[in-house]
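A.B. asks: no letters, just coordinates:
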Ligand code: ZN
């Protein structure tokens, strides 16, 4: 579809079309929106993409995406260091933050175990979590809350984590299923997420 415009416009449409969830028509619509922006606004957009890509890295403690290391959660001494919530994705962390109900620390796995997609424990940040829990900084941790998504992959990940965390003799809990099965935490409303957290059970 983009070839009719030639050159720069085609390239912009092609690049936008590579983004997830953006089909040919959407790419075209976005491209023309960008082309009609004042130059300064277009520069702001381009710079935001570049700076985010270049400046964002993994927090060396919790593996969250961050531009400062340690991230703002790990660096915040007001957070409750006795509880660590394990989530699949930085977006799930953001969803729990929006509830305002959780004041502990996080650990971001960056995915879930999925044999179908070839994702095993070594593709996630589980080793970093184990190392973290065995370090001095975690000697006060009393509970690990596993808040992976309530689908097959999330459940498999929770069970695997419970197994490898067992020797550490720290209480491991799993969020309740107030969250619809097969759902994605990111899209669940705050009240449901808060209830799921309240109703967590020991694994
Ligand atoms: Zn962190």
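C.D. replies: Thanks, I have it. These numbers were taken from a predicted model, which means no experiment stands behind them.

A.B. asks: please count neighbours and contacts with C-alpha atoms only from this point.
C.D. replies: Will do.

A.B. asks: what's downstream of the helix-or-strand element of the chain with minimal mean pLDDT, the next helix or strand?
C.D. replies: Taking mean pLDDT, DSSP states H and E as the measure, helix 190-198 is the helix or strand of the chain with the lowest mean score, a mean of 79. Where DSSP states H and E defines the elements, the next helix or strand beyond helix 190-198 is strand 201-202.

A.B. asks: and this structure, which of its residues are near the ion?
C.D. replies: Residues of the chain lying close to the ion by Cα under 5 Å from the ion are 59, 61, 62, 71, 74.

A.B. asks: kindly indicate which of these lies nearest residue 104.
C.D. replies: Residue 104 has its nearest neighbour among the residues of the chain next to the ion in residue 74, at 9.4 Å by Cα to Cα.

A.B. asks: count the residues that sit near the closest one.
C.D. replies: Neighbour count for residue 74, taken as other Cα atoms under 10 Å: 20.

A.B. asks: before we move on, the earlier item: name the member of the residues of the chain next to the ion with the most neighbours.
C.D. replies: residue 62 (24 neighbours).

A.B. asks: so what's it closest to, chain neighbours aside?
C.D. replies: What sits nearest to residue 62 in space, not counting adjacent residues and going by Cα to Cα, 6 or more residues apart in numbering, is residue 107, at 4.5 Å.

A.B. asks: the longest helix in this protein is where?
C.D. replies: Secondary structure of the chain per DSSP state H: the longest helix is helix 39-55.

A.B. asks: okay, now the unreliable bits of the chain?
C.D. replies: 1-3, 178-183, 185, 187 (pLDDT under 70).
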